[in-house]
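K.L.:
Here is my input, please return the structure:
(2 chains)
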Amino acid sequence: MRYRLDLTLRQAEGALARVLGAAERRGFRPLSVDGEAQPDGDRWHLRMTVEGERADSALQGQLAKLYDCLAVEVVPCP
Amino acid sequence: MNGARWLVQALAAEGVDTLFGYPGGTIMPFYDALHGSTLKHVLVRHEQGAAFAANGYARASGRVGVCVATSGPGASNLVTGIADAMLDSVPMVAITGQVATTLMGTDAFQELDVFGLTLPIVKHSFLVRRADDLPNVVAEAFRLARSGRPGPVLIDLPKDVQNADASHLPAHAPLPTDPVPSAPDAAYHEAAALIAHARKPLVYGGGGIALGDAVDAFRAFVEGSQIPTVLTLKGLGALPAAHALNLGMLGMHGNRAANLSVQECDLLIVVGARFDDRATGKLAEFAPNARVVHLDLDACEIGKLRHADAAVNGDLRRALDALTPACSAQLHGRNGAARRAWRDTCLQRKRACAPRYDAPGDDVYAPALLKRLSELAPDAVVTCDVGQHQMWVAQHWRFDDPRKHLTSGALGAMGFGLPAAIGAQLALQDGAGAAPRVICVSGDGSFLMNVQELATVARYRLPVKIVLLDNQALGMVRQWQELFFERRYSEVDLSDNPDFCAIATAFGIHALHVERADEVEGALRALLDAPGPALLHVAIDQAANVWPLVPPNHSNAHMLDPEADAIAAVAAPADFPHQEPAHALPA
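P.N.:
The predicted model follows:
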């Protein structure tokens, strides 16, 4: 099952590594990653596509717990 | 004032009075600032000891434990203790020195990316590149460590930031702990309705009860509802061992009554537990007839491994307080007769499956020794290492408070016990010098992993009592090799152990030795009566095993227990009317 993740992250040291690491350790393989700093300069907007067999709600919950993760939305890919 | 001195003042403002650490190159400005401060620094003899001591301090007190190390090997030596805090949800702040920011990324002497190294094992981490960031970092680190589900936070502090001018920074202002959200009323109604419909309900309580400061509410719920209860390793003490409704620990080395009741129940009320594999055995066959009501602060635990028919996500204490009145009359309600019969069945099974301590022979029987010690020292806080002795403590110590049982539950880290005892002893000593009794139960494998901390015990004259169960083997591994690897004993023999009493004596610690069952009573009393730190070395049978045991990847119904089977075989059937036959392993 593939999912698209839309994340808003604090632009802090380690934030990207935390998100990628959490997704992989929780059983979701990243297929694509892109993103950019938002104009205010203190946030990133990150988009990822991941693949995994576990419940997307579990991934959403784990990412939402990250201090640097300000918002996360996980939707199944068509 | 430099950054290091500002940090020391900030730690005091956060309420830190004791920290555990080991100095070195890049953390020297911090240690210079400590000199003459009001903070009590405990010099351990290995950084892993600092992390475990801070961990034990936090577990015993509920306050944030603090450990400190230099960069490079100092930082990497903290890693196991940080991981343990993460997996067991222990509030901790670890402070590491780092090479100067100008040297970072150049492979400088003792440069190590501890920030990257610990990313998966911290609740959060900060690499402080400017002294101006210190106020926010320190406040957030402590707030995060103790808020919600607690955990460790790392602050990596380059040397130049410690030396930077911080005289313009404001005095530190700690942040309040985040408020704990409550579940919506609808969740309570849904849970109460499921409980009302149940004919064979069972409570499955875990470490979240103590973490959520919900022990009293949990006991009120169990007593009000009269629902039999099983506990996880970290839940032990949430209901006193002597409580009639307490069926004991469930899981791989759980009580037979607890495991069989889980397998038969029609509703599992999970309170601050997480369906850990050591508790559930083969998950697909765990509580196969049960619907699930799951109460937990961490939404991620609900539904992670087992579907919850009713989810109560939020403050455990408030949830239990809300459910108790609704569930208290149910023993006499619609399913009252069935509920009473179920409770009686569980309690009869508990009586039938109670452990026996009348082992034949002259050798010391470790379960009997531990049970007797718990009777002689009912007020004690017990720290464990990891292995057979850890399971014997869980099975046979009569815990009446979960904060009296400090054990490396999720990580299972050998070497935890002694430094954790140091932390607990310091956490619980009051200003007048009153010393609570802290007992470290260890094994000969685990003990040597942090034996150097005997020097810390001796230096600070901490009256820690150590019970070292020595079977001259890595006993748990040996047991598994015996049972599941056709007795191919591979690298588990420790028959060349050193003389542990001589080691203790060399550190200035009183030592006793016991090897016969009839010597145990006197030795335990002598240990407890010793005025300062003391070690009791106990020689036990190398072939002793921990029973019951659920083999890996088997249902909890498949408990191996040759000792109980042997007793049952010679006992009159009337003595054990509800003893289930031991299940043979499936081919």
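K.L.:
Spell out which residues of chain B are next to chain A.
P.N.:
Where chain B comes near chain A, counting by CB under 8 Å from any CB of the partner chain, the residues are B:115-116, B:119-120, B:123-125, B:127, B:129, B:140, B:144, B:298-300, B:303-304. Backbone N, C-alpha and C define where each C-beta goes, glycine included.
K.L.:
Over in the stretch 201-350 of chain B, which residue gets nearest chain A? Let me know.
P.N.:
B:Cys300 (4.0 Å; CB to the nearest CB).
K.L.:
Just give me the neighbour total for that residue.
P.N.:
Neighbour count of B:Cys300, defined by other CB atoms under 10 Å in any protein chain shown: 20.
K.L.:
follow-up on the earlier one: ok, so of the residues of chain B next to chain A, who is nearest B:Ser446?
P.N.:
Nearest to B:Ser446, judged by CB to CB, of the residues of chain B next to chain A is B:Pro120 at 24.7 Å.
K.L.:
Helix, strand or coil: sort out the closest one for me.
P.N.:
Under DSSP: H, G, I helix; E, B strand; the rest coil, the three-state class of B:Pro120 is helix.
K.L.:
outside of the helix ranked longest in chain B, which residues touch it?
P.N.:
Determined from DSSP state H, the single longest helix within chain B is helix B:336-352. Identification of contacts with helix B:336-352 by CB atoms under 8 Å, 6 or more residues apart in numbering or on different chains yields B:198-202, B:226-228, B:244-245, B:247-248, B:255-257, B:260-261, B:330-331, B:576-579.
K.L.:
Quick check: next helix or strand after it?
P.N.:
As assigned by DSSP states H and E, the chain's next helix or strand after helix B:336-352 is helix B:366-376.
K.L.:
so what does that next one touch, helix or strand wise?
P.N.:
With contacts taken as 3 or more CB pairs under 8 Å, 6 or more residues apart in numbering or on different chains; DSSP states H and E, helix B:366-376 sits against helix B:388-396, strand B:465-470, helix B:520-529.
K.L.:
so what's the closest residue to A:Gly61 other than its chain neighbours up against?
P.N.:
Leaving aside its chain neighbours, A:Gly61 sits nearest to B:Cys300 (4.0 Å; criterion: CB to CB, 6 or more residues apart in numbering or on different chains). Going by CB under 8 Å, 6+ apart, B:Cys300 touches A:Ala58, A:Gly61, A:Gln62, A:Lys65.
K.L.:
Tell me if I am right that the second one is in a strand.
P.N.:
Think A:Gly61. No - assigned with three-state DSSP, A:Gly61 falls outside any strand and is helix.
K.L.:
Against A:Arg26, how distant is it?
P.N.:
9 Å (CB to CB, to the nearest Å).
K.L.:
Can you tell me the closest non-neighbouring residue to residue 30?
P.N.:
Let's take chain A. In this structure, A:Pro30 finds its nearest non-sequential neighbour in A:Val50, 5.4 Å apart by CB to CB, 6+ apart.
K.L.:
looking at chain B here, not the other one
P.N.:
Spatial nearest neighbour of B:Phe30, chain neighbours left out: B:Ala4 (4.5 Å); criterion: CB to CB, 6+ apart.
K.L.:
Looks like that neighbour contacts B:Asn163 (just checking).
P.N.:
Yes - between B:Ala4 and B:Asn163 there is a contact at 7.1 Å, judged by CB atoms under 8 Å.
K.L.:
the more surrounded of these two?
P.N.:
Neighbour count, other CB under 10 Å: between B:Ala4 and B:Asn163, B:Ala4 has more, with 26 against 16.
K.L.:
circling back: export the helices and strands packed on helix B:366-376 to CSV and tack on distance to B:Asp84, mean pLDDT and mean neighbour count?
P.N.:
Output for these, formatted as CSV (distance: least, CB to CB, whole Å; pLDDT from 0 to 100; neighbours: other CB atoms under 10 Å in any protein chain shown):
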stretch, distance to B:Asp84, mean pLDDT, mean neighbour count
helix B:388-396, 13, 98, 25
strand B:465-470, 20, 98, 26
helix B:520-529, 27, 98, 16
